[in-house]
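After the sequence you'll find the predicted model.
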Amino acid sequence: MPETPEETEEPIKQRKNGLYPGVSDELAENMKTGWADTELRGLEPIAQAGHTAERRAALSARFPGERLVVPAGNLKTRSSDTEYAFRASTEYAYLTGDQTQDGVLVLEPRPEAHGGHDATVYLLPRSDRENGEFWLDGQGELWVGRRHSLTEAEQLLGIPAKDVRELTAALGEATGPVRCVRGHDAAVEAALTDKVTAERDEELRVYLSEARAVKDDFEIGELQKAVDSTVRGFEDVVKILDKAEATSERYIEGTFFLRARVEGNDIGYGSICAAGPHATTLHWVRNDGDVRSGDLLLLDAGVETHTLYTADITRTLPINGAFTDLQRKIYDAVYEAQEAGIAAVRPGAKYRDFHDASQRVLAEKLVEWGLVEGPVEKVLELGLQRRWTLHGTGHMLGMDVHDCAAARRETYADGTLEPGMCLTVEPGLYFQADDLTVPEEYRGIGVRIEDDILVTEDGNLNLSAALPRRSDEVEDWMARVKQD
Ligand code: GLY
Ligand code: MN
Ligand code: MN
């Protein structure tokens, strides 16, 4: 459907001198009036408003006296007047709880005597009926849906709201030090070109990444919701494996996506629906292959909640419901490695400990099976197991699937686990179809098991424990789910 109200040849967006082609003065006048007042009054703040206020206060304390600019980002054109689905920047959503395209959070430093900052969220207000924007512009509310008024947004977010169309002029006039989160809004960055430096902006990005490492109660609740929906999505997939066999991996992708869109905002990342040898391709998202009885399915998928927290879970399932002896041997080795990894997740442990624990188990198995020559210590020292283990054993999880990615090495990879951190533990073994160094029967088998683990005061909590992991329990679960 084109966005022009009539099938005119000239797109409405090409407005000339304020006039739209194909719109009579009478129609333009007619469309201005006769609309009900739909302002929403007495709105309650969003559930996380208290938490976002605390996050802004911490940000304010870290950068005293500086103007801080955090954009949500803009729509990206797919073709012509069609855009890609919008997903607000993590930094903006984390600090405001809002997800509106073109939104910008600005923290304005107060005069020194008072200290701190005043936060303002700049948003597109309701569509103007007087100038016809609401029905003639492609981003008018008649085309894309009602927006919140600035007053409504203030009540919901607990942040004063202003018209975003005033922002670039205001930024242009601003004096004093400014920092901006880059990569989301080219117009905002252009307005700040002369006022910011890449190095100082990077410090802001790093801070906002590190600030998210420890999750608050609201975030932990959202992560659990994401995991719970993902568990249901995995059950959905088990139920339709026969249909996937009759079609392709796409049936699995579509089935999981349905759960993600019905219960959440979206998938948190491209679902990896890897049957047979595709399981050895770490980020197999083409999902266009055959699904065959007797093969394994490696399903790595996560639902993203409406507040943008994602799960990241992998199960490797026997498509016909029962592992072969070799599949089970490899699966059980990965399970053992995951158990060792999860056991190493506790407050005070080094971040690397769970990776090292998992890698040691996998190296031991590879030596035991005669795939690599021992001793295990030498294999680990030279990293020889990595031909088949391929990737790190986990990562921080939160609003981004690879959360806190801009954090400094000393606070992340070389850091120490603290209660409230959430991470994945996801060892795997992958024998490529063309790997001539392993016996033929291993080739084309890939196994990963991935769970979402919260660091607690005295150890850890597996948020995804509802999804069975042990090979016999996986088989029992599949049989049960198929019968439901
Ligand atoms: N889903 C990508 C990963 O597990 O890191
Ligand atoms: Mn992961
Ligand atoms: Mn994953």
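All right, it came through fine. Ligands and ions are numbered 1, 2, ... in the order given.

Pull the distance from the longest helix seen in the chain to the chain's centre.
Secondary structure of the chain per DSSP state H: the longest helix is helix 217-239. On the basis of CA atoms, centre = their mean, to the nearest Å, helix 217-239 sits 14 Å off its chain's mean C-alpha point.

List the contacts of residue 467.
By CB atoms under 8 Å, 6 or more residues apart in numbering, residue 467 lies in contact with 231, 234, 313, 315, 451, 477. Where you see a C-beta, it was placed from the backbone N, CA and C, and this is true even at glycine.

what's the answer for residue 140, then?
So, once contact is read as CB under 8 Å, 6+ apart, residue 140 ends up touching 127, 133-134.

Mind putting the residues you listed into CSV with pLDDT, distance to residue 424 and neighbour count?
As requested, these are arranged in CSV below (pLDDT from 0 to 100; distance: CB to CB, whole Å; neighbours: other CB atoms under 10 Å):
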residue, pLDDT, distance to residue 424, neighbour count
127, 92, 42, 20
133, 89, 45, 16
134, 91, 44, 21
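
Which of the residues you listed fall in helices?
Per DSSP H, those map to helices at 133-134.

closest to ligand 1 among the contacts of residue 140?
Checking these against ligand 1 by CB to the nearest ligand atom gives residue 127 as the nearest, at 38.6 Å.

any idea what sits nearest that closest one, other than its immediate chain neighbours?
In this structure, residue 127 finds its nearest non-sequential neighbour in residue 134, 3.2 Å apart by CB to CB, 6 or more residues apart in numbering.

Next, work out how far apart the one you found and ligand 3 are.
Going from residue 134 to ligand 3 by CB to the ion, to the nearest Å gives 42 Å.

Let me know how buried the nearest residue to residue 222 once chain neighbours are set aside is, in neighbour terms.
Once flanking residues are discounted, residue 222 sits nearest to residue 309: 3.9 Å by CB to CB, 6+ apart. The tally of other residues near residue 309 (other CB atoms under 10 Å) stands at 30.

Which residues are in contact with residue 309?
Residue 309 touches 219, 222-223, 225-226, 398-399, counting by CB under 8 Å, 6+ apart.

export those to CSV and tack on distance to ligand 1 and neighbour count?
Listed next are those as CSV, based on distance: CB to the nearest ligand atom, whole Å; neighbours: other CB atoms under 10 Å:
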residue, distance to ligand 1, neighbour count
219, 19, 20
222, 18, 24
223, 15, 24
225, 18, 19
226, 13, 32
398, 13, 26
399, 15, 24
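
pLDDT weak spots in the stretch 51-200 of the chain?
Applying pLDDT under 70 to the stretch 51-200 of the chain flags residues 113.

so where do the strands sit in it?
67-71, 77-79, 82-83, 104-109, 117-123, 161-163, 178-180 (DSSP state E, counting those that start in this stretch).

which parts of this protein sit against ligand 2?
The interface of the chain toward ligand 2, taken as CB under 5 Å from the ion, is made up of 312, 424.
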